[in-house]
Structure formats: C-alpha cells, structure tokens
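Undergrad: Give the three-dimensional model of this entry:
(chains A and B)
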There are 2 protein chains.
Amino acid sequence: MAEKNTIEVCFTPHSFPLFPHEERIVVVIDVLRATSCMCAALNYGVGKILPVASITEAKDYQSKGFLVAAERQAQKVEGFDLGNSPFEYMKPNLKGKVIVFTTTNGTQAIRAAREAYKIAIGSFLNLSALCDWLSTQHKNVIILCAGWKDFFNLEDTLCAGAIATKLGESGAFETSVYDSTLAAKYLYEKARGDLYKFMQNSSHYNRLSKLNLFEDMKYCLTPDQAPIVPLMEGNYLVPNGHK
Amino acid sequence: MAEKNTIEVCFTPHSFPLFPHEERIVVVIDVLRATSCMCAALNYGVGKILPVASITEAKDYQSKGFLVAAERQAQKVEGFDLGNSPFEYMKPNLKGKVIVFTTTNGTQAIRAAREAYKIAIGSFLNLSALCDWLSTQHKNVIILCAGWKDFFNLEDTLCAGAIATKLGESGAFETSVYDSTLAAKYLYEKARGDLYKFMQNSSHYNRLSKLNLFEDMKYCLTPDQAPIVPLMEGNYLVPNGHK
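TA: A predicted model of the protein is given here:
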C-alpha cells in the first residue's frame, strides 16, 4: 500500500512558523476575498497574477505601467485600478493581462509560505479542482488560512475544513496529528448545509455587510465556480497546466 | 442599562500577545490536566499553589523543602513528589499545604498572562463556579487556552466554548468581535452531548490513552466537580474567598 500523505490546517500566518513546512505543498486560503479573486481571475482568462505584500511595492509597479489591484480594510485603495471583488476580474479587457495584487491578509500569507515546496491557492470556488490536483501530487499538505490580521477567522477555517474533509474521503491522506485539522472539519460539518447562513454571525460578514458586499460573499461561498488551481511559479501565480 | 462586558477566546499562548489584555480578567485553561488539577487540589483543601514555568525553578523549590509537582510529556518528572493527575491531589496529607507546580503547557500560559488585571483558573471542574464569579466582576474577559506546545487543542477550546456559552446566556456579556469565540461556541455546541466521546479523535486523547489515563480524562471532562475559582494572588493560586 502506498504511504499516505498528511494534511494539516494552520489557522493564521502568525502560527505558520510553528508548522514544519519544507517539502510540503502549502495551500493559501483567503476566502473573503483575495484567493477567491485569484481563482476567479485566472479562471476567466487573466494571464498571471503577481502578489505583492505592500502598497509601496504595488505603487512602484503601477508607475511602471502595470495593472494593479489593491485592497485594505475591505476596500479598494484610492488610485489603484482594481479592488477585491471577484466580479471585477471577469472583464474581457483583462484577458491575458498581468495583474499586480496586494490585499490585507491574503498576499501576506503567500509571503509567509515562501519556503514551501509549492504554493497553491485555495477557495470554495476551486474546491474540487484543488482537491483533485492535490490527490495527484503525493506530497504532505498544509492549509494556511490567511485569517484577519493574524487572528483566526471562520470562513477560511470552513474552507480548510472542506478541503481536509474531501481529501480525507479520497483515501490518499491520513488522519491528522493536529487538533486544528479536526476542528476545521467539525466546523465545516456543522456549516456545510448552508455556508452563507452559518457565516452570518462572523466578524467578516459584519465587516462586509456594512459595505453592501452580499453578492461577493454569496459567490465566494459557492463551491466549484472556478475549476482551476492557481500555483506560484517564480513570482507569479498561474493556473495549473499553464505552459 | 449597565454596559455589557466582552468575552474573547484566545486559542494558544503564542497568539495571546495579539489580544489586548490589560484591564481584563484572563481565564487560563489547560483541561488535560494542569488547570483541572489546580481546581481539584484547592477544592480538596490544598492551601496554595505556586505555579512555576521551568523544571529548574521546581528543583530549586524542592531543595528548599517544598512539595513539588512536575509534569512533562504527560508524565511525572522523575524525582518529584506529584504528577499531573487530579486524583493525586485528593490526599489528606496535602490539606493546607503549599504545592509548587510546573507542567508542559498550563504554567507557561499563566506566565504569558502575567500583565492581566487578574488571572483566574478554569476547567470543566469549576465551570459554573467560574461563570458565577466572572458575572460579578464587571470586567472584560479573555479565555486563554494553554493548547499543546503552542498549538491549538480541542479540549481547551471546548471548555472555552462552554464558558463563553454560559456567560453569553447570563446576559451580562455581549457578542464577540472575534471569530475564535464563535468557533469555540460552535464546537462546544457540537460536543456538549458527550464530551468524552467527542474527544476520542483528538491528539491529546491519543497521547493520554497510551498512558492508560482514561479515568483522568473522564473526570477532567465532567463539569462542576470542584466548585471553586483559583485566583492568582501575588505569586500564588488561592481559592476565591480565601483570606
């Protein structure tokens, strides 16, 4: 019998250094909304995404003529081309383009994982495609939740729970040694019947409700709308299978 | 209407510095088994407990003639007087005594919280007594889970969820702004029908099962066996109401 791989859930970038992560695939998740945007964009036909951690870097790229997406505190930063709504990335004029991308939590989580064997991007939008791809890699996996400013958040944990559950059912992954994986699976089990309703007490739902972003939230919580796997190749995110 | 207080759950000592905690009561939880032992001991009649973080400090106190309890990796450290089973603390010869105490996670969590307004000790054993006491304090509360070597663990989170649920029902505390509190409450809701059964997939259950510590686990997961609240006064833990 082939040796099974492990799958672990890390709740925040702050905790990530505690997890051994070399030689592992790290799946970065920021459901509301950075990694959902990345999946939506690359699925729609955007060429590549260059994640950068700071506004300063983003400005520097903009001055060189790049298209730049920048979000802080759930809103588009003034003076930039795009914000953090997945619908903004489904425009014909973006097809084939390179987009520079910085957000409050997601792009920092990608940076935190830079020493991993490989970085993949996860969200509900690519749940099945991601799990199918991970099942063919024969590598241990850590799911890194971007959280909110280094605090635990519910939506990323639910998505991590969905991935861990699906991979567990595939038979190629063994039971976790960390209770965080177990907790994520239990929370997903409790929420899966109606993710959107379950989320309505959460801190991020309240933050985004005040900005009237209900459609964004509904879309980001709907599985399998963008069946690709964004992977870091060098400094860029490209869809799996990209040549 | 009196202003409501907040109640937050912090999953690990590693995350604790991110939470504002001055002027708050910090409830330290290490269900399996440090804070359960502390509750059991002070309820039985032990005089005071002096928590120390290191084995070196513990040895120093032993050489001065103190009774010393020391646990590492779930086992009593050789050469010390007591380990980390609550039943060890229910012996007539310990009544009125001072016990020096060091454990893998619990005593470190107490140290992490040293700048709090007050430190209280929580476990399932003193669930109702603790909530009753907290309801009379008119202070914001942070529940600090000791976890396992800075990783999230299930049993401390369930106990935190039980406390947050009970305090929420009392009407004196408002809804949390952190998703960690929400997650702890959801997990407790899922587990409360049979805590012991729910725990059987957890990492700590497996660790303690190998040492045949089933009775310890059953006892530590049974609410309201030790209706007192251990509080830090200076360097010592004493029961509330102690003069």
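Undergrad: by contact count, what packs against the worst-scoring helix or strand of chain A on mean pLDDT?
TA: None of the helices or strands of chain A scores lower by mean pLDDT, DSSP states H and E than helix A:203-209, at a mean of 87. The elements that helix A:203-209 packs onto, with contact taken as 3 or more Cβ pairs under 8 Å, 6 or more residues apart in numbering or on different chains; DSSP states H and E, are helix A:154-170, helix A:214-220, helix B:179-191. Using the backbone N, CA and C atoms, a C-beta is placed for each residue, glycine as well.
Undergrad: C-terminal to the last one, what's the next element?
TA: Meaning helix B:179-191. As assigned by DSSP states H and E, the chain's next helix or strand after helix B:179-191 is helix B:195-198.
Undergrad: and the gap between the residue nearest to A:Val177 when sequence neighbours are not counted and A:Thr104?
TA: Nearest residue to A:Val177 in three dimensions, chain neighbours excluded: B:Ser203, at 5.8 Å (Cβ to Cβ, 6 or more residues apart in numbering or on different chains). Distance of B:Ser203 to A:Thr104, computed by Cβ to Cβ, to the nearest Å: 32 Å.
Undergrad: Out of the two, name the residue with the larger neighbour count.
TA: Per other Cβ atoms under 10 Å in any protein chain shown, whichever of B:Ser203 and A:Thr104 has more neighbours is B:Ser203, with 21 against 18.
Undergrad: A:Ala70 sits in which helix or strand?
TA: Going by DSSP H and E, A:Ala70 is in strand A:67-72.
Undergrad: Okay, now the sheet partners of the next helix or strand along the chain from that strand, with direction.
TA: Downstream of strand A:67-72, the first helix or strand assigned by DSSP H and E is strand A:75-76. Using DSSP bridges, strand A:75-76 pairs in its sheet with strand A:67-72 (antiparallel).
Undergrad: And the partner strand, how far out from the chain middle?
TA: Averaging C-alpha positions (Cα atoms, centre = their mean, to the nearest Å) puts strand A:67-72 16 Å from its chain's average.
Undergrad: tell me the mean pLDDT over that strand?
TA: In this model, strand A:67-72 has a mean pLDDT of 94.
Undergrad: now stretch A:168-186
TA: Average pLDDT, stretch A:168-186: 90.
Undergrad: Output that stretch as CSV - backbone C-alpha positions only.
TA: Taking Å, rounded to 0.1, in the frame of the first residue of the first chain, the C-alpha atoms of stretch A:168-186 are listed here in CSV:
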residue,chain,number,x,y,z
GLY,A,168,-9.7,12.6,3.8
GLU,A,169,-12.5,10.9,1.8
SER,A,170,-10.2,10.3,-1.1
GLY,A,171,-8.3,7.8,1.0
ALA,A,172,-4.9,9.2,0.0
PHE,A,173,-4.4,11.2,3.2
GLU,A,174,-4.1,10.0,6.8
THR,A,175,-5.7,11.3,10.0
SER,A,176,-4.1,14.5,11.2
VAL,A,177,-2.0,14.7,14.3
TYR,A,178,-3.1,18.3,15.0
ASP,A,179,-6.5,19.2,16.6
SER,A,180,-6.7,22.2,14.3
THR,A,181,-7.5,20.0,11.3
LEU,A,182,-10.1,18.1,13.4
ALA,A,183,-11.7,21.4,14.5
ALA,A,184,-11.8,22.7,10.9
LYS,A,185,-13.5,19.5,9.8
TYR,A,186,-16.1,19.6,12.6
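Undergrad: Pull the residues that contact it.
TA: Contact with stretch A:168-186 is made by A:2, A:4-11, A:131, A:135, A:141, A:143, A:157-158, A:160-161, A:164-165, A:167, B:148, B:151-154, B:157, B:183, B:187, B:190, B:201-204, as judged by Cβ atoms under 8 Å, 6 or more residues apart in numbering or on different chains.
Undergrad: what does chain A put close to chain B?
TA: A:11-12, A:14-15, A:18, A:148, A:150-154, A:157, A:175, A:177-180, A:182-183, A:186-187, A:189-190, A:201-204 (Cβ under 8 Å from any Cβ of the partner chain).
Undergrad: Next, the residue nearest to A:Gly241 when sequence neighbours are not counted: secondary structure please.
TA: In space, and not counting its chain neighbours, A:Gly241 is closest to A:Ile228: 8.0 Å by Cβ to Cβ, 6+ apart. Judged by DSSP: H, G, I helix; E, B strand; the rest coil, the three-state class of A:Ile228 is coil.
Undergrad: Could you measure from A:Ile228 over to A:Met217?
TA: Distance, A:Ile228 to A:Met217, using Cβ to Cβ: 21 Å.
Undergrad: Ok, A:Ile99 next?
TA: From A:Ile99 to A:Met217 the distance is 22 Å (Cβ to Cβ).
Undergrad: now swap in A:Phe152 and tell me
TA: Using Cβ to Cβ, we find A:Phe152 at a distance of 18 Å from A:Met217.
Undergrad: Who has more neighbours out of these two?
TA: Neighbours per residue (other Cβ under 10 Å) separate A:Phe152 from A:Met217, with A:Phe152 holding more: 28 against 23.
Undergrad: Pull out the C-alpha coordinates of the host helix or strand of A:Val9 and format them as CSV.
TA: Element membership of A:Val9 [criterion: DSSP H and E] is strand A:7-10. Presented in CSV, the C-alpha positions along strand A:7-10 are these (Å, rounded to 0.1, in the frame of the first residue of the first chain):
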residue,chain,number,x,y,z
ILE,A,7,-2.9,17.2,5.7
GLU,A,8,-2.8,19.9,8.4
VAL,A,9,-4.6,23.1,9.0
CYS,A,10,-2.9,26.2,10.2
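Undergrad: So what touches it?
TA: Applying Cβ under 8 Å, 6+ apart, the external contacts of strand A:7-10 come out as A:16, A:18-19, A:140-145, A:157, A:160-161, A:163-164, A:167-168, A:173, A:176-178, A:180-181, A:183-184.
Undergrad: Narrow these to those that are buried.
TA: The neighbour-count criterion (16 or more other Cβ atoms under 10 Å in any protein chain shown) marks A:16, A:19, A:140-145, A:157, A:160-161, A:163-164, A:167-168, A:173, A:176, A:178, A:180-181, A:183-184 among these as buried.
Undergrad: Can you tell me who the spatially most central residue of chain A pairs with across the strands?
TA: In chain A, the C-alpha nearest the mean C-alpha coordinate belongs to A:Ile29, at 2.8 Å (Cα atoms, centre = their mean). A:Ile29 has the following beta-bridge partners by DSSP bridges: A:Gly122, A:Cys145.
Undergrad: That's all I had, so thanks and see you.
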